[in-house]
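In: pasting the sequence and the predicted model now:
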Amino acid sequence: MDILNSGFINFIEVVGLISFSISGVMAALDKKLDIFGIFIIAFITAMGGGTLRDILIGDLPVNWMVNTQNSVIVLVAAIVAVLFQKSIFSFQKLLFIFDSLGLGLFTVVGIEKGIAFGFDTGICIVLGTITGCFGGVIRDISINNIPMIFQKEIYATVCIGGGILYFLLKPYIGIAMLDIIIILAIFLVRIWVVRYNISLPDMYKRES
Amino acid sequence: MDILNSGFINFIEVVGLISFSISGVMAALDKKLDIFGIFIIAFITAMGGGTLRDILIGDLPVNWMVNTQNSVIVLVAAIVAVLFQKSIFSFQKLLFIFDSLGLGLFTVVGIEKGIAFGFDTGICIVLGTITGCFGGVIRDISINNIPMIFQKEIYATVCIGGGILYFLLKPYIGIAMLDIIIILAIFLVRIWVVRYNISLPDMYKRES
Amino acid sequence: MDILNSGFINFIEVVGLISFSISGVMAALDKKLDIFGIFIIAFITAMGGGTLRDILIGDLPVNWMVNTQNSVIVLVAAIVAVLFQKSIFSFQKLLFIFDSLGLGLFTVVGIEKGIAFGFDTGICIVLGTITGCFGGVIRDISINNIPMIFQKEIYATVCIGGGILYFLLKPYIGIAMLDIIIILAIFLVRIWVVRYNISLPDMYKRES
C-alpha cells in the first residue's frame, strides 16, 4: 500500500473528504438543520462509511479517533461551505469531480483494508463499497430520507464494478499502478454514467 | 450446541434466511428501491439482527464476513424473489411458516451465543430477541418506516417468552431437545397469535 | 474518578437515567408505539449514547450487558412512566431538571472515559457529547424523526462548551471538584438557555 502514502493519494483523500463533507452540508442545509446538525451530518457523510467498515471488522477504536487530522479537514470544509453556501452551487461541477475521485479512492482503501485483514474477495468488495457509499447512506437515514443509493443504484454499482476489476487486474499489475487504475476507472465510469444519465433496467414487473 | 450443527437445524437456518431475505425484498419493492437497494435491504433483514448482536458483544469481525455461505443463500433468495416477484404473493403462507421457524431458530442462536459469552439470563434473552427481531428493525429504519415490531409487539413478545421458557426448561432438558422445543414453541405461538389476531391490551390511557 | 463512585454522582446517574428513560417513553407514546416499542425506545434513549461511544472506542461488550443494574433502573422508570402517563405532564419541570443533571453527568462520564483511553482532547469532548446527546439522536432516528438536536443545537452546544471548560480547568482543580463544577455548569447553562429561549444566530443566508 505504498501508493496510499504518496502525494497523489493524499491529494485525492483530501479532495474526497472535502467533497463528501460539502455534500453533507448541502443535504443538511436542505433540511434546515442548525449549525451543530450541519457539522454532524458533514462528519457522518465523510467518515460514516469508514466508521461502519471498522466497526464490522472490529478495527476499533475507529480510525478518526486516533488520527484526528482528517476530522479537521472535514470540519474546515464544512465551515467554509456554510460561510459560502450561496457560492457552493457555482462549484457543483468541480464538487462532482472531487466526489467521484473520493469515491474511487475510498473504495480502494476499503478493498485493501479487507485484504490486509485476510477476508475473501467478495467481502473485500463489500468493504470497498461500504467505505465509498455508506457515509451517504447513514447521512440519508439520519436526516430521515430513504438512502439515495438505494434508489439510484449506479453509484454503488460503479464501486462494485471497480472492486471486481481490482481483483481481475491484481495478479498482473503492481499495487501502485493498480490503485491509480481503479481510482481512475471508478472516476471515469461514474462521470460517464451521470453525463449520459445511464441507469439499470427497471426491475418492476408488477407495473408493466 | 451439538444440535446447531445437525441437519434439522441447518435446514431451519436456511429456510429462515430465505424467508427473512424475501421479506426484505418485498419491503424494498414496496418502497420502489432499485436492484442494489433491494439486495442491501434483503441482506440487512436477514443479517442485521446477528450483526447488531455481534457488535454489541464485541464478537468481531461479524460472522457473515468470515462465513460467507449464509450471504450466498440470502443473495440467491433475493435474486429469485426479484425474478419471481409476481408469484411471491401466492406463497405468502409458506413464507410466513418459514419466517416463524427462522424467528424461533435465530432466537435460540442468540440466547446460546449469550450463554457462551457468560452473560446474565436477562441479557441472553435480550440477545435472542435482538438476533430474531432487529434485522426487521434495521430494515424498517433504513427504508424510513417506524419499525413494525414497535407497533405490533407480538413478534418480539413471542421471542422474549421463548427466551424465558428456554431458561425455565434448561435445568431439566438436554440441549438438543431444548433447542427443538423452544424453536417449535416460538413457531407455534407465533402462528396461533397471528391466526387469532391476538394483541396485547392497549396502553393508551390518554385516549380512553 | 473517585467522585464517580460517590453517593452524589450515583444519585445524579440514577436521576439522569430515569429522566432519559421517561423522555423516551413520552416520545414513544407520541408515536403511538406499543408497549414493547415503548420500552425499547426508553432503553435506547437512556443507553444509546454510551452504547455508541463504547462501540466507537471498541470497549466491548457494551457496559449495560455486564452491569445490568442500570438497565433495571431504566426499565422500572419506563414502567412507572407508562402506568402514570397522565401524570407525567405535571412533572415536566422536575423532569427537565433531572434531564439537565443527567446531561451534565453523562458528558463528564464520556470525557473521562476518553481520557482513560488516552484520546486527544478534541476526541474526549466528542465522546462526552456522544454520551450525553446521542441517545436522543438514535431515539429520534428510530421513530422516524429528524434528530431534535440537529435542529435546536443548544443541547449539544452546552455539552461541547462543558467539555471545553473541563479541559481549561483540569490543570488547576482536583478531579472530584472538577466533576461537580462541570456537571453544575452544564446544568445551569442549559436551564438558563431554555428559560430565556436562547438559540444561535441563524445560518441560513439563502433566505435572507
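Out: Happy to help now that I have it.

In: local confidence estimate at A:Phe39?
Out: We have a pLDDT of 93 for A:Phe39.

In: with the one 4 residues further on instead?
Out: Reading off the confidence values, A:Phe43 has pLDDT 95.

In: go ahead and confirm it touches A:Gly24.
Out: Yes. Counting by Cβ atoms under 8 Å, A:Gly24 is a contact partner of A:Phe43 at 7.2 Å. Any C-beta I mention is one placed from the backbone N, CA and C, and that applies to glycine too.

In: for chain A, what spans make up the helices?
Out: Here chain A has its helices, by DSSP state H, at A:7-30, A:35-57, A:63-66, A:69-83, A:85-88, A:92-116, A:121-142, A:154-169, A:175-195.

In: buried stuff in the longest one?
Out: Right, helix A:92-116. Residues of helix A:92-116 classed as buried: A:95, A:97-115 (neighbour count, 16 or more other Cβ atoms under 10 Å in any protein chain shown).

In: same deal with the fourth one?
Out: Within helix A:69-83, the residues scored as buried using 16+ other Cβ under 10 Å are A:70-71, A:73-75, A:77-82.

In: Throw the residues you listed into CSV and include distance to A:Thr131 and pLDDT, thanks.
Out: Listed next are these as CSV, based on distance: Cβ to Cβ, whole Å; pLDDT from 0 to 100:
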residue, distance to A:Thr131, pLDDT
A:Asn70, 13, 92
A:Ser71, 17, 93
A:Ile73, 17, 94
A:Val74, 15, 95
A:Leu75, 20, 95
A:Ala77, 19, 94
A:Ala78, 20, 94
A:Ile79, 25, 94
A:Val80, 24, 93
A:Ala81, 22, 91
A:Val82, 26, 91
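
In: who's more crowded, A:Phe43 and A:Gly24?
Out: A:Gly24 (30 against 22; other Cβ atoms under 10 Å in any protein chain shown).

In: and the more buried one, what does it touch?
Out: Contacts for A:Gly24 (Cβ atoms under 8 Å, 6 or more residues apart in numbering or on different chains) come out as A:38, A:41-46, A:78, A:135, A:139.

In: likewise A:Arg53?
Out: Shown in contact with A:Arg53 (Cβ under 8 Å, 6+ apart): A:110, A:113, A:127, A:130-131, A:134.

In: which pair in these spans the largest distance?
Out: A:Lys113 and A:Phe134 (13.8 Å; Cβ to Cβ).

In: show me the contacts for the residue nearest to A:Val137 when sequence neighbours are not counted.
Out: In this structure, A:Val137 finds its nearest non-sequential neighbour in A:Pro147, 4.3 Å apart by Cβ to Cβ, 6 or more residues apart in numbering or on different chains. By Cβ under 8 Å, 6+ apart, the contact set of A:Pro147 is A:136-137, A:140-141, B:37, B:142.

In: closest one of those residues to chain C?
Out: A:Ile141 (6.5 Å; Cβ to the nearest Cβ).

In: how close does the closest one get to B:Asp140?
Out: 11 Å (Cβ to Cβ, to the nearest Å).

In: now swap in A:Lys93 and tell me
Out: As judged by Cβ to Cβ, A:Lys93 and B:Asp140 stand 37 Å apart.

In: who in chain A is up against chain C?
Out: Neighbours of chain C within chain A, by Cβ under 8 Å from any Cβ of the partner chain: A:28-29, A:31-38, A:40-41, A:51, A:55, A:58, A:60-62, A:65-66, A:68, A:71, A:82, A:85-86, A:141-144.

In: which among those count as buried?
Out: Counted by 16+ other Cβ under 10 Å, the residues of chain A next to chain C give A:28-29, A:31, A:33-38, A:40-41, A:51, A:55, A:58, A:60-62, A:65, A:68, A:71, A:82, A:85, A:141-143 as buried.

In: tell me which residue is most central in chain A.
Out: Nearest to the geometric centre of chain A sits A:Gly132, at 3.2 Å (Cα atoms, centre = their mean).

In: close enough to count as contact, it and A:Gly49?
Out: Yes. Taking contacts as Cβ under 8 Å, A:Gly132 lies within contact range of A:Gly49: 6.2 Å.

In: quickly list what's touching both of the two.
Out: Applying Cβ under 8 Å, 6+ apart, one finds that A:Gly132 and A:Gly49 are jointly contacted by A:106, A:110.

In: tell me what the lowest-mean-pLDDT helix or strand in chain A is packed against?
Out: Least confident element among the helices and strands of chain A, by mean pLDDT, DSSP states H and E: helix A:85-88 (a mean of 82). Counting by 3 or more Cβ pairs under 8 Å, 6 or more residues apart in numbering or on different chains; DSSP states H and E, the packing neighbours recorded for helix A:85-88 are helix A:7-30.

In: next, the angle from the helix it packs on to helix A:175-195.
Out: On the basis of axes from the mean of the first three to the mean of the last three Cα atoms, to 10 degrees, helix A:7-30 is oriented at 30 degrees to helix A:175-195.

In: C-alpha coordinates for helix A:7-30, CSV please?
Out: Written as CSV, here are the backbone C-alpha positions of helix A:7-30 (Å, rounded to 0.1, in the frame of the first residue of the first chain):
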residue,chain,number,x,y,z
GLY,A,7,1.4,12.7,-2.5
PHE,A,8,-1.1,11.7,-5.3
ILE,A,9,-3.2,9.6,-3.0
ASN,A,10,-3.0,12.1,-0.1
PHE,A,11,-4.3,14.8,-2.5
ILE,A,12,-7.2,12.6,-3.6
GLU,A,13,-8.0,11.7,0.0
VAL,A,14,-8.2,15.4,0.9
VAL,A,15,-10.3,16.4,-2.1
GLY,A,16,-12.6,13.3,-1.4
LEU,A,17,-13.1,14.3,2.3
ILE,A,18,-13.8,17.9,1.3
SER,A,19,-16.4,16.9,-1.3
PHE,A,20,-18.1,14.4,1.0
SER,A,21,-18.2,17.0,3.8
ILE,A,22,-19.7,19.6,1.5
SER,A,23,-22.3,17.1,0.2
GLY,A,24,-23.2,16.6,3.8
VAL,A,25,-23.5,20.3,4.4
MET,A,26,-25.7,20.7,1.4
ALA,A,27,-28.1,17.9,2.5
ALA,A,28,-28.2,19.4,6.0
LEU,A,29,-29.0,22.9,4.7
ASP,A,30,-31.7,21.4,2.6
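
In: quick check: buried residues in it?
Out: Neighbour-count burial for helix A:7-30 [16+ other Cβ under 10 Å]: A:9, A:12-29.

In: residues contacting A:Tyr166?
Out: By Cβ under 8 Å, 6+ apart, A:Tyr166 lies in contact with A:108, A:111, A:125, A:128, A:178, A:182.
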